[in-house]
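Asks: Everything below, folded, please.
(one chain, ligands or ions: 1)
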Amino acid sequence: MANPVTSRIIRFLGNSSPSHMEVHDLHNEKSNCQIDEILRAKHAVGFRPDTLAQARSEGYDNCAYCIGGSTR
Ligand SMILES: [Zn+2]
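Replies: So this is what the prediction gives:
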């Protein structure tokens, strides 16, 4: 069965690494996002609903490359 994160059918992907805690917009993915690294480290998480607001409410900060407007 396809993993919704690795098959990228989701839009917003969180990096749950304690030192990162950032959310990426896969519709605007940049090489600097290093999404493959996040997947390899198994730090990728999805959100329900799949929205930026939900990611923010779970404590994730905006990625500076694909979203911008970091708040920290
Ligand atoms: Zn990003």
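Asks: if you look at stretch 59-72, does any of it touch the ion?
Replies: Yes. Legend: contact between stretch 59-72 and the ion by Cβ under 5 Å from the ion is shown at Cys63, Tyr65, Cys66. (Glycine included, C-beta is placed from N, CA and C.)
Asks: Other residues contacting that stretch?
Replies: 14-15, 21-26, 28-30, 32-33, 52, 56 (Cβ atoms under 8 Å, 6 or more residues apart in numbering).
Asks: Just the buried subset of the residues you listed, please.
Replies: Gly14, Asn15, Met21, Glu22, Val23, His24, Asp25, Leu26, Glu29, Cys33 (16 or more other Cβ atoms under 10 Å).
Asks: Of the residues you listed, which ones also sit close to the ion?
Replies: For the ion, the contacts drawn from the buried ones among the contacts of stretch 59-72 by Cβ under 5 Å from the ion are His24, Cys33.
Asks: Report the two of the buried ones among the contacts of stretch 59-72 separated the most.
Replies: Met21 and Glu29 (18.2 Å; Cβ to Cβ).
Asks: what sits against Leu13?
Replies: Val5, Val23, His24, Leu26, Ile35, Ile38, Ala44, Val45, Gly46.
Asks: any chance of those residues in CSV, plus secondary structure and pLDDT?
Replies: CSV is the format used below for the contacts of Leu13 (DSSP: H, G, I helix; E, B strand; the rest coil; pLDDT from 0 to 100):
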residue, secondary structure, pLDDT
Val5, coil, 58
Val23, strand, 97
His24, strand, 97
Leu26, helix, 95
Ile35, helix, 95
Ile38, helix, 96
Ala44, strand, 96
Val45, strand, 96
Gly46, coil, 96
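Asks: Alright, that wraps it up for me.
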